[in-house]
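*Asks:* with the input below, show me the fold.
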Amino acid sequence: LALLLVQVVLITVYTVFVVFRVLGSSYEAAVMCSGYAGLALGATPTAIANMTAVTKTLGPAPRAFVVVPLLGAFFMDISNAVIINTLLNWLTCPRLGVHPRPETSPQVAVLIPARNEERAIRRCVQSLLDQDYPDFGIWVLDDDSGDRTFAILAELAAHDPRLHVHKSAPLPPGWLGKNWACWQLAQAVPEDYPLLLFVDADTWHAPDMLRVTVAALLVGRYDLLSILPRQITGTLVERLTVPILPWALLSHFPLWLTGHLRWPALSAAVGQFMLWRRAAYQMIGGHAAVHTEVAEDIAMARRVAALGLCSRLLPGSEHVFCRMYCTTGEVLQGLGKNLYAVFGKRWLLYLFVWLWMNVVFLSPWILWLGRALADWPASSLLAGLSILAAFVIWAGVINMAGLQRLLIFFYPFIIFSALILAFHSMGQILR
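*Replies:* You can find the predicted model right below:
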């Protein structure tokens, strides 16, 4: 009781002597202060009840009923959950390289599907051949490339017997190309390899990558370990679009829980790097079980959880690197294909998430600028707190994902670019 009394007194003093003056010391400010007290002592419904009681007695204050619910419900109630989740991911996710080296080094089969990858395949394969891990082999499937991909692979294979190069069989009806390529690769590996590592051809790897990821898998007793690579960006379009992917994963998915709970809805993986215990891969049906899925990585992680197996997604910015796209056309095609598919084509949820995200992260800037430039009756304090919270979230994500620190100042443009891409993706699928 004493603690509650102290809380009430402190909030009352702060509201009267700070918030009221910052909001402009007007009638509208007084109504918003009653709402602020409701938020501080309860929740958004309490704030609405307080403002309703005041306006019934003293007259309407329509702007207060816009500002407080907007920055209360969307910022304080929902965004706080995103902040807490980001901080927990940041503080609790184990870092690669901290696990003790296991007593054994089980054989690893590294599997790479490649289609028209002449620009990236040599760097990818060479970085894998340079691993300091004692026992591994590399299988690459050329998926009917129309460029020099196969010729580059043949050249590399001629100088290293650990590299095995295959040509893809024709695509069966109903299969997507990447899933068919990965399934063929898994079937090509001898049975005595207990670990399967799928990586994309546009990734490259630190020399100790296999050693530290296998250690993490074995020590953590995971059935699937997926690593989020450091996303390398070169052009302005890449910098305004690609960061939305690590941001969504690291701020919205509770990675700190997925190692303990087997809940499919909370499970996530990144197809750029998926290290499997072969027995678990076979148990879930492998890529054959998700052969129609565009977002096959998410689908496979959810199958792992549904069967009671253990998966973990960790940031790996010091060990795995990827440059997904190099041109504007590649960005539009790649993200356009994947964004809507991740939501299982549930368009109502898709629209809500993307519109909510833009309201939460862009409206504080609009209100703050409106207050500064046009004397809008908005709360500079609440808008400023909202912007500060967004900076905290992005700082955590940038630290975990190894992104360029300068991007933190461009997050409003990244969010807006993502909204445009989200509608582009939905239009592509529904067309």
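*Asks:* give me phi/psi at Ile227?
*Replies:* phi -110, psi 130 (degrees, to the nearest 10).
*Asks:* pretty sure it is touching Gly316, no?
*Replies:* Yes - applying C-beta atoms under 8 Å as the test, Ile227 and Gly316 come out as touching, 3.8 Å apart. The way it works is simple: take the backbone N, C-alpha and C, and place the C-beta from them, glycine included.
*Asks:* what touches both of the two?
*Replies:* 96, 213, 273 (C-beta atoms under 8 Å, 6 or more residues apart in numbering).
*Asks:* point out where the stretch 151-300 of the chain drops to low pLDDT.
*Replies:* Across the stretch 151-300 of the chain, nothing is flagged by pLDDT under 70.
*Asks:* let me see the backbone angles for Trp175.
*Replies:* phi -90, psi 150.
*Asks:* check contacts around the nearest residue to it once chain neighbours are set aside.
*Replies:* Counting by C-beta to C-beta, 6 or more residues apart in numbering, Trp175 lies nearest to His291, which is 4.6 Å off, once chain neighbours are set aside. Shown in contact with His291 (C-beta under 8 Å, 6+ apart): 174-176, 179-180, 183.
*Asks:* same deal with Leu332?
*Replies:* 421, 424.
*Asks:* okay, and which of the shared contacts of Ile227 and Gly316 map to strands?
*Replies:* Counting by DSSP state E, the part of the shared contacts of Ile227 and Gly316 found in strands is Phe273.
*Asks:* tell me if I'm right that Phe110 and Ile138 touch.
*Replies:* Heads up, residue 110 is Val, not Phe. Yes - using C-beta under 8 Å, Val110 is in contact with Ile138, at 4.6 Å.
*Asks:* between those two, who's got more neighbours?
*Replies:* Ranked by neighbour count (other C-beta atoms under 10 Å), Val110 and Ile138 place Val110 first, with 29 against 24.
*Asks:* tabulate the CA atom coordinates of the one helix or strand that one maps to in CSV.
*Replies:* Element membership for Val110 (DSSP states H and E) is strand 108-114. Only the C-alpha atoms of strand 108-114 are listed here, as CSV (Å, rounded to 0.1, in the frame of the first residue of the first chain):
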residue,chain,number,x,y,z
VAL,A,108,29.4,-32.4,-41.7
ALA,A,109,27.9,-32.3,-45.2
VAL,A,110,27.7,-28.7,-46.5
LEU,A,111,25.0,-28.4,-49.1
ILE,A,112,24.7,-25.5,-51.5
PRO,A,113,21.9,-25.1,-54.1
ALA,A,114,23.1,-22.8,-56.9
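*Asks:* can you name every helix or strand that that strand contacts?
*Replies:* helix 121-129, strand 136-142, helix 177-188, strand 195-199, helix 209-220 (3 or more C-beta pairs under 8 Å, 6 or more residues apart in numbering; DSSP states H and E).
*Asks:* going by neighbour count, which residues in the third one are buried?
*Replies:* This means helix 177-188. 178-186 (16 or more other C-beta atoms under 10 Å).
*Asks:* on the pLDDT front, check Gly384 for me.
*Replies:* As predicted, Gly384 sits at a pLDDT of 75.
*Asks:* likewise for Leu430?
*Replies:* pLDDT, Leu430: 67.
*Asks:* look up the closest residue to Arg302, ignoring the ones flanking it.
*Replies:* Nearest to Arg302 is Pro264, by C-beta to C-beta, 6+ apart, at 3.9 Å.
*Asks:* Pro134 now?
*Replies:* That would be Ser105: by C-beta to C-beta, 6+ apart, it lies 5.1 Å from Pro134.
*Asks:* check the secondary structure at Ala201 for me.
*Replies:* Here Ala201 is coil, with the state taken from DSSP: H, G, I helix; E, B strand; the rest coil.
*Asks:* mind listing the strands in the stretch 151-300 of the chain by residue range?
*Replies:* 163-167, 195-199, 203-205, 224-228, 230-231, 273-277 (DSSP state E, counting those that start in this stretch).
*Asks:* so in that sheet, which strands flank the fourth one, and in what orientation?
*Replies:* Using DSSP bridges, strand 224-228 pairs in its sheet with strand 273-277 (antiparallel), strand 311-315 (parallel).
*Asks:* so can I have CSV of these showing distance to Leu87?
*Replies:* CSV is the format used below for these (distance: least, C-beta to C-beta, whole Å):
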stretch, distance to Leu87
strand 273-277, 24
strand 311-315, 14
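*Asks:* nearest to Val8, of the ones you listed?
*Replies:* Relative to Val8, the nearest member of the strands paired with strand 224-228 by C-beta to C-beta is strand 311-315, separated by 41.8 Å.
*Asks:* what sits up against the next helix or strand after that closest one?
*Replies:* As assigned by DSSP H and E, the chain's next helix or strand after strand 311-315 is strand 320-322. With contacts defined as C-beta under 8 Å, 6+ apart, strand 320-322 is touched by 199-200, 202-206, 209, 227, 229-232, 272-273.
*Asks:* give me the mean pLDDT for whichever helix or strand comes after strand 320-322.
*Replies:* Next along the chain after strand 320-322, taking DSSP H and E as the criterion, comes helix 328-342. For helix 328-342, mean pLDDT is 81.
*Asks:* so how far is helix 328-342 off the chain centroid?
*Replies:* Taking C-alpha atoms, centre = their mean, to the nearest Å, the mean C-alpha location of helix 328-342 is offset from the chain mean by 15 Å.
*Asks:* thanks again, I'm all set now.
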